[in-house]
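1. Attaching a predicted model along with its sequence, questions to come.
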Amino acid sequence: MSSEEKITTPFSPSLPLSSSVWRSIPVFYAENYGQDFEGTLYFLFGYGLGDVVNNLRALVEIQKRYKKAKLIVYSDKRWDLLVKKIPGIELRHFPDGFDVRKPGTGTISYEMVLPHIRAHVKSEPGNIFIAVGHFCQPDQHAKGESTWESVPRTAGIISHDRPWPVVPVDREDTVWAEEFLKRHDLEPFNFVILAPFTWPEKQWPKKDFENLGTRIYHEFRLRSLILAYPEAGLFEIPECIHAYDLTVSQVAGVMSFAKGFIGLDSGLAHMAAGLDIPSTVIYTSKEHPPLEIRPISPNSLLVTTMDANQIVSPTLNTVYYSFLFQLQHAKPGEIHLPSCPACLRLMLYTTQASRRGIILMCVCGTKRLIPLEMIPSVSSPLPHLSSLEYPINVQSDLETQSKVEHFSDTISSDNPQRIELALREEERWGWERVNSEGPIETERIYWSFDGLVFFMGRKGFHLIEVENKEDLSAGTSEVLVFSNSEKGKHPLKISWGGKLLRVPDDALYKKYFTWRTWANLDRLQSIPKTLIQFGEYTEAAHMAYILFSMDPNPKTFRWLLRSCLKKILSSLNGSFKAPRR
């Protein structure tokens, strides 16, 4: 990848510039070692099932490259039947971690083993490293990365082939699953998994699951296999099967025969991703931006309805028609979701869906309204989704859409230009379009702020100014001013999460803040926190100052004070670390 590409596509995976130290433990950095490395690598898996199957991907990638290394894995004993299927590792157990079945119990598991690892590092310096832990890059959100993509990147491991989770399924699991299906008169690949159980803050109403399963049964004659614990209770769905308290290996075996998956943000959604099952994942939590925990698979569609940048529980209709979209178009091993016209990433999210259309969304916030002919009959052929190429025929009175369409083939860094693009919020109008009567005759694009920044950045243009104007006919309008010729820094004032963000130029905005659609002020504090953990105190102090200026409160002041003190102490101790480039 060229340096130019790294600048114009800040969301692309890129390795850190050097190895890191996390919590006083050296992080393994693959760029520094050949395949003959014989040292010891620690893997600290999280306590959840989703953490385990995602971290297994990093373990397998490292194991393939460094066959002589000693690999020590810390994991929760609940998931042993999966982890033990990976040969050549030394498995150790955390103390009991958080468990959805035992609210109020458990601990942050990795904290208990860090002292032991530090002591081991001290006994053999230069030969002991941590390869996977609870560390993410500070630019994780700006790149649109999930936690399980950011952690391996810290260690210099990027999987370009198949980065989604690893779910080991052996012959014993498959045989057991086949017998289970026969006992319950279920045909392989002719049933749907429902996974309705998770933490309370991530729940979707039980009645909605019942109505959803009933509707799918009557419309498509697909039976529901419910994977949960007895605490979930029984579900009133015709001919459903309650598969409660299966072992994790048995769950993996049964899931491998499913036609589709509908569930919540839970470990089972990540297992479905690893097994490449067409999935519809319902996200309702307000604590974390969905991009942090999304299942990594081109066949996983995350339903995340938003209202004024706040996550709200999706409607039954939106979930049902999102599932139908998956049922019609998703195929294992193939990519069916369209690419974002702004930043070229897959549009892995949906915000609304009805019998007339679906609105797909990219992590950059750009949305695409796609007309659908839903045929709710098992005897009718499923319609084929036409290929979605950019540029598409957009018909809208939104000035930005027509400008971007006309400029897409003509803007070039060869000719000095200054371009102004007006951005208006049209989410409400788009939602009315999906739910109104009459056909949707054309696809439409709803450009986001960051989508325009990415699109113009790929054309060699930098954001140099943002103007806020009042337009009585369309609400507040932001005018983004881009230039490909005006040199020097251009300080920016950008509305972000209801606050005013001030940054010295668009380079810093692209580096840390291009996730305005998911704006979460509390999660912003992970930037100085992570920089401090990696010992990058100068950059941490800079970012903490920006956040405190944006939202002065006790929390942001604490990070400002802490980062400044760390910077001063590191300078006095001679351990000053230069800021990131």
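-> In hand now; what should we look at? The shown structure was predicted, so the numbers you read here are calculated from the model rather than taken from an experiment. Numbering: from 1, shown residues only.
2. switch to C-alpha atoms for all contacts and neighbour counts from now on
-> Will do.
3. Go through stretch 323-335 and flag the buried ones.
-> 323-331 (16 or more other C-alpha atoms under 10 Å).
4. any idea how far Trp164 is from Leu275?
-> As defined by C-alpha to C-alpha, to the nearest Å, Leu275 lies at a distance of 9 Å from Trp164.
5. How about Trp148?
-> Note on Trp148: its distance to Trp164, by C-alpha to C-alpha, is 9 Å.
6. before we move on, what about Asn55?
-> 10 Å.
7. Can you show me the CA trace of stretch 40-48 as CSV?
-> Extracted in CSV, the C-alpha atoms of stretch 40-48 (Å, rounded to 0.1, in the frame of the first residue of the first chain):
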residue,chain,number,x,y,z
THR,A,40,6.6,-17.5,24.3
LEU,A,41,3.4,-15.7,23.2
TYR,A,42,0.5,-15.1,25.6
PHE,A,43,-3.1,-14.9,24.4
LEU,A,44,-5.6,-13.4,26.8
PHE,A,45,-9.1,-14.2,25.5
GLY,A,46,-12.1,-12.3,26.8
TYR,A,47,-14.6,-14.0,29.1
GLY,A,48,-17.4,-14.1,26.5
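8. Relative to the whole chain's centre, how far out is it?
-> 20 Å (C-alpha atoms, centre = their mean, to the nearest Å).
9. same thing with stretch 273-287?
-> 10 Å.
10. With only the CA atoms kept, save it in PDB.
-> Written as PDB, here are the backbone C-alpha positions of stretch 273-287 (Å, rounded to 0.1, in the frame of the first residue of the first chain):
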ATOM      1  CA  ALA A 273     -20.500 -15.400  11.500                       C
ATOM      2  CA  GLY A 274     -17.700 -17.900  11.800                       C
ATOM      3  CA  LEU A 275     -19.900 -20.600  10.300                       C
ATOM      4  CA  ASP A 276     -20.800 -18.300   7.400                       C
ATOM      5  CA  ILE A 277     -24.500 -18.500   8.100                       C
ATOM      6  CA  PRO A 278     -26.700 -15.700   6.600                       C
ATOM      7  CA  SER A 279     -27.400 -13.700   9.700                       C
ATOM      8  CA  THR A 280     -29.700 -10.900  10.900                       C
ATOM      9  CA  VAL A 281     -28.300  -9.500  14.200                       C
ATOM     10  CA  ILE A 282     -30.500  -7.200  16.300                       C
ATOM     11  CA  TYR A 283     -28.600  -4.500  18.100                       C
ATOM     12  CA  THR A 284     -30.300  -2.500  20.900                       C
ATOM     13  CA  SER A 285     -27.500  -1.500  23.300                       C
ATOM     14  CA  LYS A 286     -26.700   2.200  23.800                       C
ATOM     15  CA  GLU A 287     -23.400   1.500  25.600                       C
END
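11. got the buried residues for stretch 553-568?
-> So, applying 16+ other C-alpha under 10 Å, buried residues of stretch 553-568: 556-557, 559-560, 562-564, 566-567.
12. mind listing which of those are in helices?
-> 556-557, 559-560, 562-564, 566-567 (DSSP state H).
13. End to end on stretch 251-265, go ahead and measure it.
-> Span of stretch 251-265 from end to end, C-alpha to C-alpha: 17 Å.
14. thinking again about what came up before, which one of Trp148 and Trp164 is surrounded by more residues?
-> Taking other C-alpha atoms under 10 Å, Trp148 and Trp164 do not tie; Trp148 has more neighbours (29 against 25).
15. just checking, that one is part of a helix?
-> Yes - counting by DSSP: H, G, I helix; E, B strand; the rest coil, Trp148 is located in a helix.
16. check which helix or strand covers Thr280.
-> strand 279-282 (DSSP states H and E).
17. Let me see the mean pLDDT of that strand.
-> Strand 279-282 comes out with an average pLDDT of 96.
18. That one pairs with which strands, parallel or anti?
-> strand 260-264 (parallel), strand 300-303 (parallel) (DSSP bridges).
19. Save those strands as JSON lines, and put in mean pLDDT and distance to Val479 too.
-> Converted to JSON lines, the strands paired with strand 279-282 look like this (pLDDT from 0 to 100; distance: least, C-alpha to C-alpha, whole Å):
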{"stretch": "strand 260-264", "mean pLDDT": "96", "distance to Val479": "38"}
{"stretch": "strand 300-303", "mean pLDDT": "94", "distance to Val479": "30"}
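20. Save these as a markdown table, and put in mean neighbour count and distance to Thr538 too.
-> Shown next, in a markdown table, are the strands paired with strand 279-282 (neighbours: other C-alpha atoms under 10 Å; distance: least, C-alpha to C-alpha, whole Å):
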| stretch | mean neighbour count | distance to Thr538 |
| --- | --- | --- |
| strand 260-264 | 26 | 40 |
| strand 300-303 | 28 | 37 |
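21. and Met374, what pLDDT?
-> Reading off the model, Met374 has pLDDT 41.
22. residues in contact with stretch 146-162?
-> 13-16, 19-20, 27-31, 51, 54-55, 58, 61-62, 131-137, 140, 291-294, 296 (C-alpha atoms under 8 Å, 6 or more residues apart in numbering).
23. Show me which of those residues are buried.
-> 13, 15-16, 19-20, 27-30, 51, 54-55, 58, 62, 131-133, 135-137, 140, 291-294, 296.
24. Show me the helices in the stretch 401-550 of the chain, by range?
-> 427-435, 449-458, 506-512, 521-524, 526-533, 537-550 (DSSP state H, counting those that start in this stretch).
25. Quick one: those helices as a markdown table, columns for mean neighbour count and distance to Lys367 too.
-> Shown next, in a markdown table, are the helices of the stretch 401-550 of the chain (neighbours: other C-alpha under 10 Å; distance: least, C-alpha to C-alpha, whole Å):
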| stretch | mean neighbour count | distance to Lys367 |
| --- | --- | --- |
| helix 427-435 | 15 | 9 |
| helix 449-458 | 24 | 9 |
| helix 506-512 | 18 | 20 |
| helix 521-524 | 14 | 23 |
| helix 526-533 | 21 | 27 |
| helix 537-550 | 22 | 28 |
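26. between the ones you listed, which gets nearest to His270?
-> Closest approach to His270 among the helices of the stretch 401-550 of the chain (C-alpha to C-alpha): helix 521-524, 22.4 Å.
27. Could you check how far the closest one is from the centre of its chain?
-> 16 Å.
28. Extract the C-alpha set from that helix and format it as PDB.
-> What follows is helix 521-524, C-alpha atoms only, in PDB (Å, rounded to 0.1, in the frame of the first residue of the first chain):
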ATOM      1  CA  LEU A 521     -18.900  11.000  23.800                       C
ATOM      2  CA  ASP A 522     -18.100   8.500  26.500                       C
ATOM      3  CA  ARG A 523     -16.300   6.200  24.000                       C
ATOM      4  CA  LEU A 524     -14.200   9.100  22.800                       C
END
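29. which outside residues touch it?
-> By C-alpha under 8 Å, 6+ apart, helix 521-524 touches 288, 497, 547.
30. Point out the least confident member of those residues, please.
-> Sorting the contacts of helix 521-524 by pLDDT puts His288 at the bottom of the list (82).
31. Distance of Cys564 relative to Tyr509?
-> For Cys564, the distance to Tyr509 (C-alpha to C-alpha) stands at 22 Å.
32. Please tell me how far the spatially most central residue of the chain sits from Val248.
-> Geometric centre of the chain, nearest residue: Leu291, 2.9 Å, by C-alpha atoms, centre = their mean. Distance from Leu291 to Val248, counting by C-alpha to C-alpha: 25 Å.
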